[in-house]
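> what's the 3D shape of this:
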Amino acid sequence: MQGIHPLVRDLYKRAVIVGKDYPHPEGLEYVRRKWKEALRDPENCQLIEGTSPDIAGENERILRKAVGRGRYVIREMEGTIQLKKYRTMRRRYGEGALINNNCILSSTNVLLFFSKVIREMEGTIQLKKYRTMRRRYGEGVDVAGETSRIVKSVNDMLKE
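Now for the predicted structure:
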């Protein structure tokens with residue numbers, strides 16, 4: 001029994017990796033099923049029968065051309081996934097948060113959005129510092145006022 005060509009195996013692996021995020025109700029199973037059907041279909045890559053070196057070279061050229069078409073399909077899948085993610089973000093945060101007036105960014109909304117994200121990240125970092133100091137020095141120990149400052153800032157953030 002003849003094994004699968006390494007280029008074809010690599011192409012299938014790439015398709016499966018990209019297919020994890022493919023926007024279809026069946027998701028990865030749909031991508032696997034469709035790619036297996038396409039790879040097993042002899043119409044997609046019609047190789048020439050024979051063993052001569054000329055035929056082997058021609059078969060290699062045909063195979064590489066088919067793999068190139070497969071890579072194109074993978075790039076199209078990536079584009080579909082990115083479009084789906086973009087539409088989801090736009091639906092989740094509203095059109096004005098990302099795009100305003102013919103694809104011109106609304107700096108106010110973008111700054112508000114990113115300042116909120118940065119505040120959440122800072123709070124996570126400060127909470128981690130607080131927990132580390134509490135673990136090292138005990139709950140009642142105050143190292144140069146740092147612990148109380150961090151606790152106060154985390155509590156302020158939790159109030160917002």
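> By mean pLDDT, flag the weakest helix or strand of the chain.
In the chain, the helix or strand scored least confidently by mean pLDDT, DSSP states H and E is helix 95-98, which has a mean of 53.
> How many residues are close by the residue lying closest to Val16 once chain neighbours are set aside?
Nearest residue to Val16, sequence neighbours excluded (Cβ to Cβ, 6 or more residues apart in numbering): Arg32, at 6.4 Å. (Glycine included, C-beta is placed from N, CA and C.) Neighbour count of Arg32, defined by other Cβ atoms under 10 Å: 15.
> Can you mark which positions in the helix or strand where Arg32 lies are buried?
Assigned by DSSP states H and E, Arg32 belongs to helix 28-40. Going by neighbour count (16 or more other Cβ atoms under 10 Å), the buried part of helix 28-40 is Val31, Lys34, Trp35, Ala38, Leu39.
> Who are the packing partners of that helix?
Packing partners of helix 28-40 (3 or more Cβ pairs under 8 Å, 6 or more residues apart in numbering; DSSP states H and E): helix 6-19.
> Would you agree Val8 is in contact with Arg40?
No. Counting by Cβ atoms under 8 Å, Val8 stays clear of Arg40, with 10.6 Å between them.
> distance of Asp41 from Lys84?
The gap separating Asp41 from Lys84 is 27 Å, by Cβ to Cβ, to the nearest Å.
> Repeat that for Arg91.
Separation of Arg91 from Lys84 (Cβ to Cβ): 11 Å.
> Nearest to Tyr72 among the buried residues of helix 28-40?
Nearest to Tyr72 among the buried residues of helix 28-40: Ala38, at 12.7 Å, using Cβ to Cβ.
> How about the contacts made by that closest one?
By Cβ atoms under 8 Å, 6 or more residues apart in numbering, the residues touching Ala38 are Asn44, Gly70.
> Could you do the one 10 residues further on as well?
Ile48 makes contacts with Ile55, Glu58, Asn59, Ile62, as judged by Cβ under 8 Å, 6+ apart.
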